[in-house]
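In: return atomic coordinates for the entry below.
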Amino acid sequence: MSWAAAALLRGAAAASAASSAAFVVPSAVGRRSIGAAGAAAATTVAAARRSSAPRYPTLGSGLRMVGSETTAAGASLTDEEREELEAAVKAKGDEIRALKDGGAEKAEVAPLVEELLALKAKLDPDSVKPKKETKKQPQQQQKQKKQNNQQQNKKKQSDDAESDFITPRSEDYSRWYNDIIRVAGLAEQSPVRGCMVIKPWGMSLWDVVRTDLDARIKDHGAENAYFPLLIPKSFLSKEAEHVDGFAKECAVVTHHRLTADPSGEKGLIADPEAELEDPLIIRPTSETMIWNMFKKWIVSHRDLPLKVNQWANVMRWEMRTRPFLRTSEFLWQEGHTAHATAESAVDDARSMLDRYASLCEDLLAMPVVRGVKSPSERFAGAEDTFTIEALMQNGWALQSGTSHFLGQSFGKAFDVTFQDETGAQRDVWGTSWGVSTRLLGALIMTHSDDAGLVLPPKVAPVQVVVVPIPPKKNDEEGRRAMNESLDGLVADLKGAGLRVKVDDRDYVRNGAKYFEWERKGVPLRVEIGPRDVSGGVCIFKYRAGKEGKESVELGNAAAAAVEGLDDMQVRLFEAAKERLAAGVTLGATYEEMRDALTNDEASGYPGAGLYLVPWKCDAENEDKIKEECKATIRCYPLDANEAGMAEGKKCFYSGEPATHMALFGRAF
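Out: As a prediction, the model looks like this:
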């Protein structure tokens with residue numbers, strides 16, 4: 001049963017929107033009450049003056065205290081006039097505060113502020129500073145506030161970097177995601193803005209993904225190659241749609257050397273005499289470079305299909321970044337193919353999409369929706385973009401891999417032709433496809449929990465961590481028995497094809513070891529101590545799927561571990577599959593979707609999810625929906641559309657006959 005069928009059986013989810021009302025005190029009412037307060041204040045001040053207490057009446061929040069010392073203008077006032085002015089100042093201040101508390105506009109309050117300043121000037125001219133000074137003071141305060149905030153943020157980041165605390169998903173999903181990456185030791189920020197350092201544990205995860213996928217790519221018929229990091233700007237300009245799609249993300253090299261600043265003020269500067277005639281782009285993707293080479297490599301139909309793949313890093317300038325999900329530099333593979341016919345190229349693009357989906361489902365235990373992008377969401381320069389979309393725990397989608405049917409655009413742009421069987425010259429057809437380290441972000445958000453990272457066994461760099469509990473120092477016989485049992489256990493586990501690590505660090509307490517490996521997401525922890533050795537057993541503790549510990553005979557440990565890890569892989573996939581089916585709403589109206597998604601932010605959990613709706617393909621309406629509720633078309637799901645689910649239905653937005661079933665939602 002497909003995810004769409006499962007969601008359809010589940011039924012359409014009902015959506016409701018909560019409304020709230022705000023009460024604002026009318027200005028007239030506020031002023032009447034303020035007048036009463038002012039009269040009371042005047043009476044109080046007069047009574048205070050008649051008493052023998054020192055005359056230091058408070059004129060209101062933020063106003064100066066008036067005592068026996070006055071300016072020359074203030075000294076000319078009689079006691080009666082002073083009392084009247086003090087009462088008027090307090091009453092006017094109370095009136096202004098009441099208006100502000102009631103939500104009054106700035107324009108309504110401004111005349112009253114001027115009246116207050118005039119009253120204060122009569123009472124004490126020194127209390128009202130010239131406008132230039134009052135204007136300058138807030139600027140200084142804002143500057144100081146900004147500096148304080150920066151210092152607090154730096155301290156907060158430093159504290160976060162050293163903290164073991166994981167923010168619960170229900171409190172802030174975005175913060176939880178960053179905390180998981182930190183405590184699991186996957187990556188951290190680099191000195192280069194927008195770029196991350198992938199730490200050994202994170203890189204070992206990518207290594208497992210890369211090894212598995214590389215075998216799938218070779219089975220697809222592609223061969224690995226490597227192409228230059230730098231691409232001439234003139235190459236990028238040859239394909240108009242392509243350059244428009246990437247122009248704002250490109251990092252450009254304009255000079256080929258540095259030199260010392262002659263003035264000595266700026267240190268090293270770009271040498272003015274070393275400016276490049278054709279600036280170089282740090283590759284955002286390699287279509288242009290590779291098609292330039294295809295022109296040399298393709299002559300005859302016998303050279304087709306031609307399929308190459310490269311594992312590389314790319315640069316796409318990003319202003320707002322998230323580790324693994326969106327960084328300026330990231331790691332990926334990119335495949336590029338050339339074909340004699342359009343049918344061959346489309347088959348290649350769809351076949352590679354299926355391989356990506358199998359990678360996600362088989363290795364990462366992450367179900368995906370296979371689909372095709374709307375024209376507005378296609379890769380720059382492509383005729384069709386096929387995609388796999390995954391659902392994260394907060395209800396947002398994550399594009400996890402794409403495969404593009406390029407048509408003949410790049411072939412024509414770079415004049416790549418071949419001689420067919422009849423001797424005629426033909427333009428070639430092309431594809432490109434790729435996945436990146438975004439898959440690691442998808443993996444984290446699909447399975448992890450509030451205790452740390454959760455890794456499906458197939459992708460875990462360490463599938464089993466063995467924690468030996470050593471015998472007492474003087475127990476040599478116990479130590480020999482422990483070493484013999486430990487060596488046999490590890491040999492059996494490795495012999496069963498499992499990736500095993502023995503944590504025998506004697507400077508770390510056992511509890512701390514358990515805590516560390518749980519947070520790193522290792523699927524199975526095996527404990528073995530002197531009493532276990534005597535009993536011929538060891539203790540299993542799974543990261544997810546099974547609660548509590550279980551005692552396993554040493555002779556059966558390897559077989560039990562393989563069976564338990566296989567079961568854990570299946571359990572994680574089934575849980576994610578159920579979440580995907582439950583997270584897709586069918587039959588919703590546009591208003592229901594809009595109300596649910598308008599305030600559905602990345603930090604929320606579990607979130608509103610995705611919406612499968614009948615849709616008439618219309619770029620203008622698509623933009624309107626994106627503006628109204630930030631939702632985008634994630635894809636036109638292949639299974640739903642090939643099954644004809646849109647036939648006879650009306651578009652949920654325009655009311656016109658639907659052309660597709662579209663999957664809408666918020667996305668990373």
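In: can we go C-alpha only for contacts and neighbour counts from here?
Out: Noted.
In: which secondary structure element of this structure has the lowest mean pLDDT?
Out: helix 27-50 (a mean of 38; mean pLDDT, DSSP states H and E).
In: let me see the contact set for residue 530.
Out: 469-471, 478, 482 (CA atoms under 8 Å, 6 or more residues apart in numbering).
In: do that again at 7 Å, thanks
Out: Contacts for residue 530 (CA atoms under 7 Å, 6 or more residues apart in numbering) come out as 470-471, 478, 482.
In: try residue 658
Out: Residue 658 sits next to 614-616, 646, 649-651 when contact means CA under 7 Å, 6+ apart.
In: what do you get if the cut-off is 10 Å, keeping everything else the same?
Out: 613-617, 645-652 (CA atoms under 10 Å, 6 or more residues apart in numbering).
In: that one and residue 585, how far apart?
Out: 18 Å (CA to CA, to the nearest Å).
In: can you check residue 634 too?
Out: For residue 634, the distance to residue 585 - CA to CA - is 14 Å.
In: over to residue 214?
Out: 36 Å.
In: do residue 505 as well
Out: 50 Å.
In: between the two, which is the more surrounded one?
Out: Using other CA atoms under 10 Å, the more surrounded residue of residue 505 and residue 585 is residue 585, with 25 against 11.
In: and the more buried one, helix, strand or coil?
Out: Using DSSP: H, G, I helix; E, B strand; the rest coil, the structure places residue 585 in strand.
In: give me the neighbour count for residue 472.
Out: Look at residue 472: counted by other CA under 10 Å, it has 10 neighbours.
In: so what's residue 238 scoring on pLDDT?
Out: pLDDT for residue 238: 84.
In: quick one, phi psi at it?
Out: Dihedral pair for residue 238: phi -70, psi -30, per degrees, to the nearest 10.
In: give me the low-pLDDT residue ranges for the stretch 201-350 of the chain?
Out: Along the stretch 201-350 of the chain, the model assigns pLDDT under 70 to residues 240.
In: apply 90 and report the result again.
Out: Residues of the stretch 201-350 of the chain that meet the criterion pLDDT under 90 lie in 236-248, 264-265, 318-321.
In: do a quick rundown of the strands in it.
Out: 223-224, 230-232, 251-255, 258-260, 268-270, 275-282, 306-315, 329-339 (DSSP state E, counting those that start in this stretch).
In: check these for me and report the most buried one.
Out: Per residue and on average, the most neighbours among those fall to strand 329-339, with a mean of 22 (mean count of other CA atoms under 10 Å).
In: for the contacts of residue 530, which entry has the maximal number of neighbours?
Out: Counting neighbours by other CA under 10 Å, residue 482 comes out on top of the contacts of residue 530 with 23 neighbours.
In: where does it land in three-state SS?
Out: Secondary structure, three-state DSSP: residue 482 is helix.
In: related to what we said a few turns ago, mind putting the strands of the stretch 201-350 of the chain into a markdown table with distance to residue 144?
Out: What follows is those, written out as a markdown table (distance: least, CA to CA, whole Å):
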| stretch | distance to residue 144 |
| --- | --- |
| strand 223-224 | 55 |
| strand 230-232 | 44 |
| strand 251-255 | 34 |
| strand 258-260 | 36 |
| strand 268-270 | 32 |
| strand 275-282 | 39 |
| strand 306-315 | 36 |
| strand 329-339 | 34 |
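In: residue 189 is nearest to which of those?
Out: When the strands of the stretch 201-350 of the chain are compared by CA to CA, strand 329-339 sits nearest residue 189, at 12.1 Å.
In: CA atoms only for the closest one, dumped as CSV, please.
Out: What follows is strand 329-339 as a C-alpha-only set of coordinates in CSV (Å, rounded to 0.1, in the frame of the first residue of the first chain):
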residue,chain,number,x,y,z
GLU,A,329,29.6,24.8,1.2
PHE,A,330,28.4,21.3,1.2
LEU,A,331,29.4,17.8,0.1
TRP,A,332,27.5,15.9,-2.6
GLN,A,333,27.6,13.7,-5.6
GLU,A,334,26.5,14.9,-9.0
GLY,A,335,25.8,12.6,-11.9
HIS,A,336,25.6,13.8,-15.5
THR,A,337,24.5,11.8,-18.5
ALA,A,338,24.1,12.2,-22.3
HIS,A,339,21.7,10.2,-24.4
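In: just checking: what are the partner strands of it?
Out: Sheet pairing here is set by DSSP bridges, and for strand 329-339 it gives strand 306-315 (antiparallel), strand 429-436 (antiparallel).
In: so which of those is nearest residue 109?
Out: Comparing the strands paired with strand 329-339 by CA to CA, strand 306-315 comes nearest, at 51.5 Å.
In: what's the helix or strand for residue 90?
Out: In this assignment (DSSP states H and E), residue 90 forms part of helix 79-101.
In: what's the mean pLDDT across that helix?
Out: 75.
In: starting at the chain centroid, how far to the helix or strand following it?
Out: Counting by DSSP H and E, the element after helix 79-101 in chain order, helix or strand, is helix 106-123. With CA atoms, centre = their mean, to the nearest Å as the basis, helix 106-123 stands 49 Å off its chain's centre.
In: what's helix 106-123 packed up against?
Out: helix 72-75, helix 79-101 (3 or more CA pairs under 10 Å, 6 or more residues apart in numbering; DSSP states H and E).
In: now do the contacts for the nearest residue to residue 92 once chain neighbours are set aside.
Out: In space, and not counting its chain neighbours, residue 92 is closest to residue 116: 6.1 Å by CA to CA, 6 or more residues apart in numbering. Counting by CA under 10 Å, 6+ apart, residue 116 touches 88-93, 95-96, 110.
In: could you redo the last one with a cut-off of 7 Å?
Out: Contacts for residue 116 (CA under 7 Å, 6+ apart) come out as 89, 92-93.
In: residue 318 too?
Out: 194, 249, 327-328.
In: which outside residues touch the host helix or strand of residue 418?
Out: Using DSSP H and E, residue 418 sits in strand 417-419. Residues outside strand 417-419 that contact it (CA under 7 Å, 6+ apart): 298-301, 425-428.
In: still on that earlier bit, quick check, pLDDT for the residue nearest to residue 92.
Out: Note on residue 116: pLDDT of 81.
In: and if you look at residue 106?
Out: So, for residue 106, pLDDT stands at 73.
In: could you measure from it over to residue 119?
Out: Distance from residue 106 to residue 119, by CA to CA: 20 Å.
In: more neighbours, the two?
Out: Of the pair residue 106 and residue 119, residue 119 is the one with more neighbours under other CA under 10 Å, namely 19 against 10.
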